[in-house]
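Undergrad: from the sequence below, what's the structure:
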Amino acid sequence: MLARQRQAAILERVRAFGGVRVTELAAEFGVSDMTIRRDLETLHERGVLAKVHGGATVTGPGSTDEPGFRAKSVRQSAEKAAIADHAARLVHPGAAIALSAGTTTAELARRLVDVPGLTVVTNSLPVAEILHVGGRPDQTVVLTGGVRTPSDALVGPLAVAALGTLHLDLLFLGVHGISERAGFTTPNLMEADTNRALVAAADRLVVLADHTKWGTVGISSIVGLDAADVLVTDDRLAPDARRTLADRVGELVVVPGTEGTP
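TA: Residues are numbered from 1 along each chain as shown. Alright, predicted model coming up:
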């Protein structure tokens, strides 16, 4: 296959799925990772896709843009792993917790499969599948009903009703964006309602958000910055954002080891 043909096929996959991984493309086309990276660089320079760590995604996000789960999963993978590693240390055996939808919360779910006696409430199909397939038999997974979003979240009145009578120790919340004015935001109006119901059901709120979420504003606010008991982010977050968040959230945790990641 010629380079132009391969690049056209790559672009078609990005547009169809929202995102692609270098390793998957290399295996599919029978070429090296370096060849795929050069293809992605060429397409990036043409402005038809956005390069991210480990792959590429579609370009042009806005306040109502809602990437699919697969597209988001290839973004900031190192940062999400570091954030999830820290968040897992906050979970104790026998706890009743909630995990919202999102790729960072899915990373956290992979680290909770061996926690005994855990009860997990979630509106995320990937989170529920991870714990159902790999979790312990003494774990309980509660999946809300609702309408499925492009990011594989279940949202809407059914999800809100399911959460209305629950009392949970801890909520791990993934967000689309963070700003000083708008707080924690999402591009999906119904998901905002569902996330607010999750917040109301939990004694403590832990927000999991990599540095790219700062300055991004979705169309609907979930809660203000002051509502977060803990915000876990990575060390690529800008100094001014750190100062702002340290003043507003209960505790700001900046996990080390991701600064300088491409």
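
Undergrad: can you name every helix or strand that the helix ranked longest in the chain contacts?
TA: Identified as the longest helix of the chain according to DSSP state H is helix 3-17. Judged by 3 or more Cβ pairs under 8 Å, 6 or more residues apart in numbering; DSSP states H and E, helix 3-17 is in contact with strand 19-21, helix 22-29, helix 33-45, strand 55-57. In short, each C-beta sits where N, CA and C put it, glycine included.

Undergrad: ok, residue 181 to residue 217 distance?
TA: 8 Å (Cβ to Cβ, to the nearest Å).

Undergrad: and these two? which has more neighbours close in?
TA: Using other Cβ atoms under 10 Å as the criterion, residue 181 and residue 217 rank with residue 217 on top: 18 against 9.

Undergrad: doesn't the more buried one lie inside a strand?
TA: No: the assignment for residue 217 by DSSP: H, G, I helix; E, B strand; the rest coil gives coil, which leaves it out of any strand.

Undergrad: so residue 224 touches residue 181, yeah?
TA: No: using Cβ atoms under 8 Å, residue 224 is not in contact with residue 181; the gap is 9.5 Å.

Undergrad: how about residue 46, what does it touch?
TA: Listed by Cβ atoms under 8 Å, 6 or more residues apart in numbering, residue 46 has no contact partners.

Undergrad: that one and residue 100, how far apart?
TA: 35 Å.

Undergrad: what pLDDT is listed against residue 77?
TA: We have a pLDDT of 78 for residue 77.

Undergrad: what does the one 4 residues further on give?
TA: Per-residue confidence for residue 81 comes out at a pLDDT of 93.

Undergrad: next, the nearest residue in space to it that is not next to it in sequence: phi, psi?
TA: Once flanking residues are discounted, residue 81 sits nearest to residue 107: 5.9 Å by Cβ to Cβ, 6 or more residues apart in numbering. Dihedral angles of residue 107 (phi, psi; degrees, to the nearest 10) stand at phi -60, psi -40.

Undergrad: how deep is residue 107 tucked in, by neighbour count?
TA: Residue 107 is flanked by 24 other residues according to other Cβ under 10 Å.

Undergrad: show me what contacts it?
TA: 80-81, 83-84.

Undergrad: residue 158 too?
TA: Applying Cβ under 8 Å, 6+ apart, the residues near residue 158 are 144-147.
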